[in-house]
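[1] requesting a structural model of the entry that follows:
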Amino acid sequence: MAARAVLEVKKVSKAYDKNVVLENVSLAVREGEITALVGPNGSGKTTLVRAVTGLANYESGEISILGARAGSDDARSVTSVCLDNPVLYDDISALEHLEFSARINGLSDWEARAKELLSLFGLLDRQDDLPGSFSRGLRQKVAISMALVRPHKLLIFDEPFVGLDQRGKAALIDQVKEEARHKVAVLVATHSEEFLSIASTMVGMAEGKVVYHGAPSKEQYNKLVG
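    Numbering: from 1, shown residues only. Below is the predicted model:
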């Protein structure tokens, strides 16, 4: 029996004035599936991610998450996302960011998992520090940990490797594999070929269209990303 589709995108189109950024885009991400969304800059990857998370409108088509319309409260309650430009608060610590992410999403038993994530990403000794003093990479690690600590059925990353050191990259790859083992659907928009090694599906985009949808392929990746 095929795994249940968590995310379904059906013939979604979007344009800014006369500039078409998504054209009849369709894809599905199923339970336990890691989908790598690849393509050159301007291919529509980030616009699609924003549409899926309810941060961008679209003119036609349908996006649903476990049957709920993208952007609705029901869809948001099961979707965890880390965008490519993390926004953190300057007046609460790294650990408090994870607490906020967990508690606002209904999780009271959060602390052990939060500290486990901070340890995995090399942040445990900075848990009480404010993010204003953090590098781009450290801020990225906090944002990734915030996405992982809250309850979710769909996990979305947009260019998560930006700014990460090798320890951070290895920890992220291990955590993504663990999420898939627990039947979470994972969508990763990325320029990084490293994700292909753990992806079960690759979706290639160019000029707002899906031009490849199948098994991860370095040949297809190189054609798209170069």
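
[2] hmm, who's touching the helix or strand hosting G204?
    G204 is part of strand 201-206 when elements are defined by DSSP states H and E. Strand 201-206 has contacts (CB atoms under 8 Å, 6 or more residues apart in numbering) with 25, 27, 29, 33-40, 43-45, 48, 196, 210-217, 220-221, 223-224. (C-beta placed from N, C-alpha, C; glycine too.)

[3] mind checking which of those are in helices?
    Secondary structure from DSSP state H places 45, 48, 220-221, 223-224 of these in helices.

[4] same list, those residues, but as CSV with distance to S60 and neighbour count please.
    As requested, those are exported to CSV (distance: CB to CB, whole Å; neighbours: other CB atoms under 10 Å):
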residue, distance to S60, neighbour count
K45, 19, 24
L48, 14, 29
Q220, 27, 17
Y221, 29, 21
K223, 28, 13
L224, 25, 19
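
[5] show me the two of those that sit farthest apart.
    Spatially, the most separated pair among the ones in helices among the contacts of strand 201-206 is L48 and K223, at 19.4 Å (CB to CB).

[6] next secondary structure after the longest helix seen in the chain?
    The helix that spans the most residues within the chain, counting by DSSP H, is helix 166-181. The helix or strand immediately downstream of helix 166-181 is strand 185-189, counting by DSSP H and E.

[7] any buried residues in that following strand, and which?
    Neighbour counts over strand 185-189 (16 or more other CB atoms under 10 Å) mark 185-189 as buried.

[8] for L98, which non-adjacent residue is spatially closest?
    Excluding its sequence neighbours, the residue lying closest to L98 (CB to CB, 6 or more residues apart in numbering) is A114, at 4.0 Å.

[9] what helix or strand is the one you found on?
    Judged by DSSP H and E, A114 forms part of helix 111-120.

[10] which positions within that helix qualify as buried?
    113-115, 117-118, 120.

[11] pLDDT and distance to D174 for the residues you listed - can I get that in CSV?
    Output for the buried residues of helix 111-120, formatted as CSV (pLDDT from 0 to 100; distance: CB to CB, whole Å):
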residue, pLDDT, distance to D174
R113, 97, 15
A114, 98, 17
K115, 97, 17
L117, 98, 11
L118, 98, 15
L120, 97, 8
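
[12] rebuild these as JSON lines, extending it with distance to R139.
    Output for the buried residues of helix 111-120, formatted as JSON lines (distance: CB to CB, whole Å):
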{"residue": "R113", "distance to R139": "20"}
{"residue": "A114", "distance to R139": "16"}
{"residue": "K115", "distance to R139": "19"}
{"residue": "L117", "distance to R139": "15"}
{"residue": "L118", "distance to R139": "13"}
{"residue": "L120", "distance to R139": "16"}
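
[13] three-state assignment of the nearest residue to E159 once chain neighbours are set aside?
    Counting by CB to CB, 6+ apart, the nearest residue to E159 once its immediate chain neighbours are dropped is D84, at 4.1 Å. Here D84 takes the coil state, with states given by DSSP: H, G, I helix; E, B strand; the rest coil.

[14] please tell me how far D84 sits from R69.
    Distance check for D84 against R69: by CB to CB, to the nearest Å, it reads 24 Å.

[15] so for the two, which sits in the more crowded spot?
    D84 (16 against 13; other CB atoms under 10 Å).

[16] relative to V52, which of the buried residues of strand 185-189 is nearest.
    Closest approach to V52 among those (CB to CB): L187, at 7.4 Å.

[17] rewinding a little: okay, the residue nearest to E159: pLDDT?
    Looking at D84, its pLDDT is 86.
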